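Trainee: okay, predicted coordinates and the sequence, questions at the end:
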Amino acid sequence: MMHPKSFKRLIVDNAVGMLWNQWVNLGAWSRAEQRVTSFSDPECAIAFSSYFCKYEKRLEKISLDWSKVNLQYINHSRLKRLWKTVTDHIELRDNFHEIQAATTSSKYITEPNAKDMANLLVRLRLLFGSTTRADVIFHLLTKGSANSNQIATYRFLNQKAVLLELEKLAKAGVLVERRSSRERLFSAQRQFAKFFEFEIQPISSPWFLLASLLMLEGCLTDELIDDEYLVFSAFMDIKRKLSDYLQKAGECNLSLSGSTADEFYENVAEYYTCLCPVCESINAR
């Protein structure tokens, strides 16, 4: 069984590595040695850099600078929702309440390359604006058919706004709608989907980082870390929520069940470790 202190270091290293990769893909300069297999996500990078800058101070500066240079690529309503999700777990200073576009350029920040396969969301925002519509299409292209509630939950969007966009896109022939007695499922029309070349990425950066934050703040704090009984009990207290976050982060052929606290902790550590080779940390020096 992995010791809680070792598990905490694993979480921090991989979460910070994930964020470095996000910023590199989005146009921030860094000496990245490895690439993480996840799609870039501006709001995710901004919201979680505000927390993980406690472990890597440069993340906060890069986040602020990028936000000013690339303001047009930010979905502000989604950023507010992600920010609220983060601050539900820990109180943070809001540096992004009134972001203004930069008046001068930065040699360390460029515009993201929309042709990069990792920047599919950026490409869609160039076409459809930084709106719910771009995020809805992104979800259907990368995750397959879904209803409005599934998309809103997974993408941190307003469910009514998602449904409105789904209906408009279906009327325009961009989406295919399939109705059943209980739900309305939507999927991207095949000819439309062919316009977007990308590779499916196995990990969701927002959910991976949210699971990481939840464990660090809820179970692996300085007050608990030296007492395994307290750590294991803390994991058991958030069993349902953490299992949901990890399963949304990525799929591993491992169980997240556990009838005892130490068994659940061990299963969580194994599941998270399973995700980490997929999202190998990049070293930014």
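Mentor: That came through, no problem. Numbering: from 1, shown residues only.
Trainee: export the host helix or strand of residue 164 as PDB, just CAs?
Mentor: Assignment of secondary structure by DSSP states H and E places residue 164 within helix 159-171. Output in PDB follows, covering the C-alpha atoms of helix 159-171 (Å, rounded to 0.1, in the frame of the first residue of the first chain):
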ATOM      1  CA  GLN A 159     -28.400  22.800 -18.600                       C
ATOM      2  CA  LYS A 160     -31.000  25.100 -20.100                       C
ATOM      3  CA  ALA A 161     -28.500  26.800 -22.300                       C
ATOM      4  CA  VAL A 162     -27.100  23.400 -23.500                       C
ATOM      5  CA  LEU A 163     -30.600  22.200 -24.400                       C
ATOM      6  CA  LEU A 164     -31.300  25.400 -26.400                       C
ATOM      7  CA  GLU A 165     -28.100  25.000 -28.400                       C
ATOM      8  CA  LEU A 166     -28.800  21.300 -29.000                       C
ATOM      9  CA  GLU A 167     -32.200  22.100 -30.400                       C
ATOM     10  CA  LYS A 168     -30.800  24.900 -32.700                       C
ATOM     11  CA  LEU A 169     -28.000  22.600 -34.000                       C
ATOM     12  CA  ALA A 170     -30.400  19.800 -34.600                       C
ATOM     13  CA  LYS A 171     -32.700  22.100 -36.600                       C
END
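Trainee: can you check what angle separates the next helix-or-strand element following it from helix 159-171?
Mentor: On the C-terminal side of helix 159-171, the nearest following helix or strand under DSSP H and E is strand 175-179. Between strand 175-179 and helix 159-171, the angle comes out at 110 degrees (axes from the mean of the first three to the mean of the last three C-alpha atoms, to 10 degrees).
Trainee: hmm, who's touching strand 175-179?
Mentor: With C-beta atoms under 8 Å, 6 or more residues apart in numbering as the test, strand 175-179 has contacts from 140, 145, 166, 169-170, 184-189, 192. Any C-beta I mention is one placed from the backbone N, CA and C, and that applies to glycine too.
Trainee: now, those residues that are in helices?
Mentor: Using DSSP state H, 140, 166, 169-170, 192 are the members of the contacts of strand 175-179 that sit in helices.
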